[in-house]
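# Have a look at this prediction, sequence included:
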Amino acid sequence: MTTATSALEAPEQKVERLNAELRGKSAQEIIAAAVREFGRKITYVSSFGAESAAMLGLIAEVDPGMPIVFIDTGMHFHQTLQYRDTLQEFLGLTGIHTVHPVKEEVKAVDPKGVLNKTDPDACCEVRKVRPLGPALEGFEAWITGRKRFHGGGRVNLPVVEFSEGKYKFNPLADWTHEHVDQYFADRKLPAHPLVADGYPSIGCWPCTVRPTDPNDVRSGRWVGFKKDECGLHLERKDRPRVF
């Protein structure tokens with residue numbers, strides 16, 4: 001399909017077409033198709049967490065200059081910030097852009113820096129969700145590293161979706177933990193420093209502990225709260241109202 005014809009497609013039609021075209025394709029093929037479809041109008045939003053090097057490695061194979069957004073919430077483990085720099089150099093990525101929450105907004109809703117203890121949804125909203133909007137301005141699509149084996153709302157994750165005005169590609173949707181481990185081994189990717197310390201899923205330090213359920217890699221996130229997503233992948237209508 002030509003670019004001109006593609007531009008005339010309704011979002012639902014484009015999503016249906018892309019999901020059909022990409023069914024059974026490899027992660028590299030999905031990323032390459034996304035780049036062909038959107039060029040420099042697509043970005044990857046990375047947490048630089050435990051599994052992030054897999055997607056970053058795949059992107060480096062296809063387009064090492066792809067724009068990559070990292071949201072520095074101000075509450076990341078210092079190891080995560082070091083890991084971002086390590087992977088940038090190791091993979092030769094040239095498009096990493098770090099964004100931050102608006103200081104005035106954080107000060108207004110979380111002056112003591114302890115909001116995560118009483119309202120983690122509000123904490124994620126101000127520190128992570130709100131900065132994403134401006135970071136995605138100018139982009140028509142973005143890539144995520146979500147996988148169905150993570151469970152929760154991800155079990156039926158499609159390869160391509162349309163949400164809040166932008167297309168989302170999930171090239172690793174059908175990858176298993178074994179796929180991730182094998183890719184790390186094949187590419188000799190450096191691991192996040194906290195993985196060896198028992199953290200298979202890594203977010204902000206106040207809301208991340210070692211898994212409470214050995215069969216659920218994300219069970220160490222937001223322990224004690226009915227929460228399994230930071231909010232980046234929830235539509236506005238699905239996100240709790242916080243402030």
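Ah, there it is. Numbering: from 1, shown residues only.

# Only C-alpha atoms from now on, for both contacts and neighbour counts.
Will do.

# Go through the top helix by length along the chain and flag the buried ones.
Taking DSSP state H as the criterion, the chain has its longest helix at helix 78-91. Within helix 78-91, the residues scored as buried using 16 or more other Cα atoms under 10 Å are 80, 83-84, 87-88, 91.

# Can you lay out those as TSV showing distance to Asn116?
Converted to TSV, the buried residues of helix 78-91 look like this (distance: Cα to Cα, whole Å):
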residue	distance to Asn116
Thr80	19
Tyr83	24
Arg84	24
Leu87	28
Gln88	29
Leu91	33
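
# so Glu61 is in which element?
Using DSSP states H and E, Glu61 sits within helix 52-62.

# which helices and strands sit right next to that helix?
helix 27-38, helix 78-91, helix 177-187 (3 or more Cα pairs under 8 Å, 6 or more residues apart in numbering; DSSP states H and E).

# for the record, mean pLDDT for the first one?
For helix 27-38, mean pLDDT rounds to 96.

# Show the subsequent helix or strand relative to it.
Past helix 27-38, the next helix or strand by DSSP H and E is strand 42-45.

# So which bits of that next one are buried?
Buried-residue list, strand 42-45, by 16+ other Cα under 10 Å: 42-45.

# next one: stretch 105-121
For stretch 105-121, burial by neighbour count (16+ other Cα under 10 Å) applies to 106, 110, 115-116, 120-121.

# Which residues does it contact?
The contact list for stretch 105-121, computed with Cα atoms under 8 Å, 6 or more residues apart in numbering, reads 122-123, 126-127, 206-207, 222, 227, 230-231, 240, 242.

# Endpoints of stretch 61-80, how far apart?
22 Å (Cα to Cα, to the nearest Å).

# For Leu91, see how far away Ile42 is.
19 Å.

# What values do phi and psi take at Ile96?
phi -70, psi 130 (degrees, to the nearest 10).

# partner residues bridging the spatially closest residue to it that is not a sequence neighbour?
Leaving aside its sequence neighbours, Ile96 sits nearest to Ile68 (Cα to Cα, 6 or more residues apart in numbering; 4.5 Å). Beta bridges link Ile68 to Tyr44, Ile96 when assigned by DSSP bridges.

# Can you name the residues that contact Ile68?
By Cα under 8 Å, 6+ apart, Ile68 lies in contact with 43-46, 95-97.

# Out of the helices and strands in this protein, which is least certain?
Within the chain, no helix or strand scores below helix 3-7, which has a mean of 56 by mean pLDDT, DSSP states H and E.

# shouldn't Phe38 be in contact with Trp142?
No. Taking contacts as Cα atoms under 8 Å, Phe38 lies outside contact range of Trp142: 9.5 Å.

# Comparing those two, which shows the higher neighbour count?
Trp142 (21 against 16; other Cα atoms under 10 Å).

# could you redo the helices and strands packed on helix 52-62 as a markdown table and give each row distance to Gly152?
Shown next, in a markdown table, are the helices and strands packed on helix 52-62 (distance: least, Cα to Cα, whole Å):
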| stretch | distance to Gly152 |
| --- | --- |
| helix 27-38 | 22 |
| helix 78-91 | 24 |
| helix 177-187 | 16 |
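
# Those helices: which one's closest to Gly198?
Nearest to Gly198 among the helices and strands packed on helix 52-62 is helix 78-91; the distance by Cα to Cα comes to 13.8 Å.

# and that closest one, how far from the chain's centre?
16 Å (Cα atoms, centre = their mean, to the nearest Å).

# Next, the angle helix 52-62 makes with that helix.
Counting by axes from the mean of the first three to the mean of the last three Cα atoms, to 10 degrees, helix 78-91 points 20 degrees away from the direction of helix 52-62.

# so what does the longest helix of the chain touch, helix or strand wise?
Using 3+ Cα pairs under 8 Å, 6+ apart: helix 78-91 touches helix 52-62.

# Can you give me the buried ones in the helix it packs on?
Within helix 52-62, the residues that count as buried by 16+ other Cα under 10 Å are 52-60, 62.
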